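[1] What follows is a protein structure lacking sequence information:
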């Protein structure tokens with residue numbers, strides 16, 4: 001059934017099926033980026049307003065630009081007089097928000113804004129007949145999504161929840177927590193290879209490009225590895241670290257030790273453990289930059305540690321910079337810069353970009369990198385190619401807002417960059433994680449991962465920026481026998497695990513629904 005209220009759009013078969021489930025159950029919808037989650041939300045909103053004409057729809061998104069994007073989509077595809085719609089932001093005066101809430105049928109907002117208003121008793125959620133939670137993999141722990149969902153479950157007269165995400169993660173306990181927080185009783189999952197989706201999916205070519213870490217960089221890594229291994233061994237010998245020394249394990253240990261000190265523990269073993277753990281984390285980060293990024297970014301971090309030590313800002317940094325291996329590593333980096341020796345990914349990236357631009361002079365390319373310093377260098381290196389006459393490259397950096405002293409972009413600046421990208425004024429977007437989630441970024445021909453990432457959620461979101469409306473290409477740069485390789489396979493296995501968990505949940509929910517139908521028929 002196609003709703004007569006829909007303007008200029010027609011749902012696909014799988015969207016119709018998912019809507020039918022969501023109209024009867026609190027549903028978790030897992031769909032790749034660009035496969036039309038918002039249309040399902042729109043169809044369900046129409047359905048709930050028709051069933052409960054005096055009710056309200058609350059559509060939550062994690063950022064103001066994303067909430068605004070959903071608001072614009074509804075305005076475009078709903079008849080003008082069907083519902084009064086409003087967009088909430090923290091910039092709107094609180095008393096005005098109360099007035100807008102009372103007048104509106106469909107409210108688009110960030111969870112923080114609604115949580116603050118509910119806590120201040122400006123309104124409650126009893127009239128809401130549908131709560132839509134976009135990027136619902138965030139509905140965990142103390143995030144405002146969880147608070148709003150809980151208050152909605154307590155107050156709603158006609159409860160219905162729709163959770164939307166490209167990936168809820170790969171751990172069953174986390175997926176179950178997300179489902180519990182939203183009272184989910186049905187799961188609808190589709191991926192690129194689902195039978196009812198395949199016909200709508202464009203071809204995606206994936207190319208994994210392996211590079212070797214040069215001997216000069218390996219020698220510096222050996223120096224840093226020796227420091228790191230000694231710190232990890234000390235933590236284990238002190239009985240503080242029992243598991244494998246991953247980044248997460250070290251950060252968790254650091255947090256645990258700091259909490260023990262905060263509650264009055266001043267035992268030497270704990271105090272020493274905090275210092276050693278901090279050193280291990282810092283040197284591990286330096287190794288990661290050396291292995292996966294570039295010499296310039298690594299040097300900048302080493303200099304930052306030296307400055308922290310000089311200004312007595314970090315005891316851990318003071319200990320590290322005194323170490324002879326640290327000094328040797330610093331001298332080694334200075335020599336590499338003098339000789340113009342760089343991480344091979346830098347040259348490989350330029351080669352790949354030139355090749356793709358030669359194939360398609362109108363190509364739009366999106367390059368993902370985890371680190372802002374690396375993104376800045378990548379952008380500079382690519383724009384140099386235009387000056388050298390090697391390719392018509394117009395690249396710009398695309399990063400999040402200012403954090404921890406790092407210069408960032410305001411949401412207005414981000415939108416201006418996206419507008420330039422849409423208009424073709426720039427053709428390469430060099431983005432950090434801000435480019436992964438939600439924002440209305442136009443279709444790109446090629447997505448390049450400068451480094452693999454260990455997160456299945458983020459990998460799916462990055463990959464989803466291409467092969468939506470036209471064939472696309474994904475290129476992943478990987479330094480062999482480094483963290484790159486471990487992260488690549490970690491994400492690969494997490495994604496497979498996620499699909500297995502969700503497929504199992506979907507079958508389980510479908511079985512329960514079928515059993516209920518049979519029971520109802522028997523009783524009838």
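    That came through fine. Computed from a prediction, not measured in an experiment: that's the story for all the values here.
[2] from the middle of its chain, how far away would stretch 290-307 be?
    Offset of stretch 290-307 from its chain centre (C-alpha atoms, centre = their mean, to the nearest Å): 25 Å.
[3] So for that stretch, what gets flagged as buried?
    Residues of stretch 290-307 classed as buried: 290-302, 305-306 (neighbour count, 16 or more other C-beta atoms under 10 Å). For glycine as for every other residue, the C-beta is placed from the backbone atoms N, C-alpha and C.
[4] Mind telling me what element residue 412 is part of?
    helix 411-423 (DSSP states H and E).
[5] which residues touch that helix?
    Residues outside helix 411-423 that contact it (C-beta atoms under 8 Å, 6 or more residues apart in numbering): 63-65, 364, 396, 398, 401, 409, 426-427, 429, 434, 439-442.
[6] Buried by neighbour count, from these: which ones?
    63-65, 364, 396, 398, 409, 426-427, 429, 434, 439, 441-442.
[7] Lowest-confidence one in those residues?
    The pLDDT minimum for these sits at residue 439, where the score is 70.
[8] so what's it up against?
    63, 65, 66, 69, 414, 418.
[9] What is the nearest of the buried ones among the contacts of helix 411-423 to residue 179?
    residue 63 (23.4 Å; C-beta to C-beta).
[10] What distance do you get for the closest one to residue 275?
    For residue 63, the distance to residue 275 equals 37 Å [C-beta to C-beta, to the nearest Å].
[11] Tell me the one of the buried residues of stretch 290-307 nearest residue 190?
    residue 292 (32.3 Å).
[12] How about the closest one, nearest residue that isn't a chain neighbour?
    Using C-beta to C-beta, 6 or more residues apart in numbering and skipping the chain neighbours, the partner closest in space to residue 292 is residue 451 (4.5 Å).
[13] what's the answer for residue 89, then?
    residue 64 (5.3 Å).
[14] do residue 348 as well
    residue 211 (5.7 Å).
[15] so that neighbour touches residue 480, yeah?
    Yes - counting by C-beta atoms under 8 Å, residue 211 does reach residue 480; the two are 7.2 Å apart.
[16] okay, those two: which has more neighbours?
    Per other C-beta atoms under 10 Å, whichever of residue 211 and residue 480 has more neighbours is residue 211, with 18 against 10.
[17] so who does that one touch?
    Applying C-beta under 8 Å, 6+ apart, the residues contacting residue 211 are 344, 345, 348, 477, 478, 479, 480.
[18] rerun at 6 Å
    344, 345, 348, 479 (C-beta atoms under 6 Å, 6 or more residues apart in numbering).
[19] what comes into contact with the strand or helix carrying the third one?
    Assignment of secondary structure by DSSP H and E places residue 348 within helix 344-359. Contact with helix 344-359 is made by 211, 294, 363, 390, 391, 446, 475, 477, as judged by C-beta under 6 Å, 6+ apart.
[20] ok, of these, which one's closest to residue 198?
    For these, the nearest to residue 198 is residue 446 (22.2 Å; C-beta to C-beta).
[21] pretty sure that closest one is touching residue 474, no?
    No - assessed by C-beta atoms under 6 Å, residue 446 is found out of contact with residue 474, at 7.7 Å.
[22] Neighbour count: these two, which is higher?
    The residue with more neighbours, out of residue 446 and residue 474, is residue 446; 25 against 20, by other C-beta under 10 Å.
[23] And that one, what's its pLDDT?
    96.
[24] which residues touch it?
    The neighbourhood of residue 446, defined by C-beta under 6 Å, 6+ apart, consists of 356, 365, 473.
[25] Among these, which one is most surrounded by other residues?
    residue 365 (24 neighbours).
[26] Show the contacting residues for that one.
    Residue 365 neighbours (C-beta under 6 Å, 6+ apart): 428, 446.
[27] is it in a bridge, and if so with what?
    residue 428, residue 446 (DSSP bridges).
[28] Model confidence score at the closest residue to residue 499 other than its chain neighbours, please.
    Nearest non-adjacent residue to residue 499, counting by C-beta to C-beta, 6+ apart: residue 191, 6.4 Å away. Predicted confidence (pLDDT) for residue 191: 85.
[29] all strands of the chain, in order?
    Applying DSSP state E to the chain gives strands spanning 27-30, 56-60, 85-87, 106-109, 128-134, 161-165, 186-189, 204-211, 365-368, 395-398, 428-431, 446-449, 472-479.
[30] a markdown table for those strands, including distance to residue 465?
    Supplementary listing: the strands of the chain in a markdown table, determined by distance: least, C-beta to C-beta, whole Å:
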| stretch | distance to residue 465 |
| --- | --- |
| strand 27-30 | 18 |
| strand 56-60 | 23 |
| strand 85-87 | 25 |
| strand 106-109 | 23 |
| strand 128-134 | 17 |
| strand 161-165 | 16 |
| strand 186-189 | 20 |
| strand 204-211 | 11 |
| strand 365-368 | 5 |
| strand 395-398 | 12 |
| strand 428-431 | 9 |
| strand 446-449 | 5 |
| strand 472-479 | 8 |
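[31] So which of these is nearest residue 240?
    Of all the strands of the chain, strand 472-479 comes closest under C-beta to C-beta, at 30.8 Å.
[32] Now do the contacts for the residue most central in space within the chain.
    Among the residues of the chain, the one closest to the centroid is residue 458, at 4.5 Å (C-alpha atoms, centre = their mean). If you count contacts by C-beta under 6 Å, 6+ apart, residue 458 has them with residue 436.
[33] Got the confidence number for it?
    Predicted confidence (pLDDT) for residue 458: 88.
[34] which of the contacts of residue 439 lies closest to residue 90?
    Nearest member of those to residue 90, counting by C-beta to C-beta, is residue 63, at 11.6 Å.
[35] Now that closest one. Its backbone dihedrals?
    phi -130, psi 160 (degrees, to the nearest 10).
[36] How about residue 243?
    Main-chain dihedrals, residue 243, degrees, to the nearest 10: phi -90, psi 180.
[37] Give me the number of neighbouring residues for it.
    11.
[38] Just flag the most distant two among the contacts of helix 411-423.
    64 and 427 (27.1 Å).
[39] My guess is residue 77 contacts residue 5. True?
    No - Residue 77 lies out of contact with residue 5 (C-beta under 6 Å); the separation is 8.8 Å.
[40] what pLDDT does the residue nearest to residue 17 when sequence neighbours are not counted get?
    Leaving aside its chain neighbours, residue 17 sits nearest to residue 196 (6.9 Å; criterion: C-beta to C-beta, 6+ apart). If you check residue 196, the pLDDT there is 89.
[41] tell me which residues of stretch 141-157 are tucked away?
    Residues of stretch 141-157 classed as buried under the neighbour-count rule (16+ other C-beta under 10 Å) are 143, 144, 145, 146, 147, 148, 149, 151, 152, 153, 156.
[42] List of residues touching it?
    Taking C-beta under 6 Å, 6+ apart as the rule, stretch 141-157 contacts 111-112, 114-115, 118, 124-126, 131, 133, 138-139, 181-183.
[43] So what's the gap between it and the chain middle?
    Remark: stretch 141-157 is offset 22 Å from the chain centroid, using C-alpha atoms, centre = their mean.
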